[in-house]
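K.L.:
Structure for this input, please:
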Amino acid sequence: MSTPAPTPPTGAGTGYPPGLAAILARYTAVRLAVLAVIAALLALAGVPVLLALLIGLVLALPLSMVLFRGLRGRLDAALATTSQRRSRERAVLRAGLRGDEADAPGVPQSSAGDVQREPDGGRD
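P.N.:
Numbers count the residues shown, from 1 in each chain. Predicted coordinates:
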């Protein structure tokens, strides 16, 4: 009887942790909402729409940094996790390319019998 194949983790194949896309989308939506509210209030006060959008863009950055500190912290943590994972994967790949399989964590060890030699054109 064979064992069932392991199921891939959530978000497999995307290259990002499962929550990164959701956190990034939420943070972007909240930032755009702050911009829209500020621009709408300024436009209702009689400021031209383009100027209201520019002022809203300038004011939305510091406001979102203060108002949404928790969401920004979660986004930073998710991005740091992704960065660390990618650094480990790069280190493993570089070690494999150098031929340092013994030093690379997560790289299967090859035995001496697994070495394939290039054909030398029939010469011995």
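K.L.:
Point out where this structure drops to low pLDDT.
P.N.:
The model of the chain has pLDDT under 70 over residues 1-18, 101-124.
K.L.:
can you map out the helices along it?
P.N.:
Listed in chain order, the helices of the chain (DSSP state H) span 20-44, 49-67, 69-98.
K.L.:
how about a markdown table for these, with mean neighbour count added?
P.N.:
Quick note: C-beta positions are derived from backbone N, CA and C, even for glycine. Shown next, in a markdown table, are the helices of the chain (neighbours: other CB atoms under 10 Å):
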| stretch | mean neighbour count |
| --- | --- |
| helix 20-44 | 15 |
| helix 49-67 | 14 |
| helix 69-98 | 13 |
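K.L.:
Next, the contact list for the nearest residue to residue 67 once chain neighbours are set aside, please.
P.N.:
Spatial nearest neighbour of residue 67, chain neighbours left out: residue 34 (7.4 Å); criterion: CB to CB, 6 or more residues apart in numbering. By CB atoms under 8 Å, 6 or more residues apart in numbering, the contact set of residue 34 is 56, 60, 63, 64, 67.
K.L.:
which residues does the second one contact?
P.N.:
This points to residue 60. 31, 34, 35, 38.
K.L.:
May I ask you to confirm that the third one is in contact with residue 57?
P.N.:
Yes - between residue 35 and residue 57 there is a contact at 6.0 Å, judged by CB atoms under 8 Å.
K.L.:
picking that back up, export the contacts of residue 34 to TSV and append columns for distance to residue 88.
P.N.:
As requested, those are exported to TSV (distance: CB to CB, whole Å):
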residue	distance to residue 88
56	41
60	36
63	36
64	32
67	34
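K.L.:
now, which of the residues you listed sits nearest residue 22?
P.N.:
residue 64 (17.6 Å; CB to CB).
K.L.:
how much space between the closest residue to residue 20 other than its chain neighbours and residue 72?
P.N.:
Of all residues not flanking residue 20 in the chain, residue 78 sits nearest, at 4.3 Å (CB to CB, 6+ apart). Separation of residue 78 from residue 72 (CB to CB, to the nearest Å): 11 Å.
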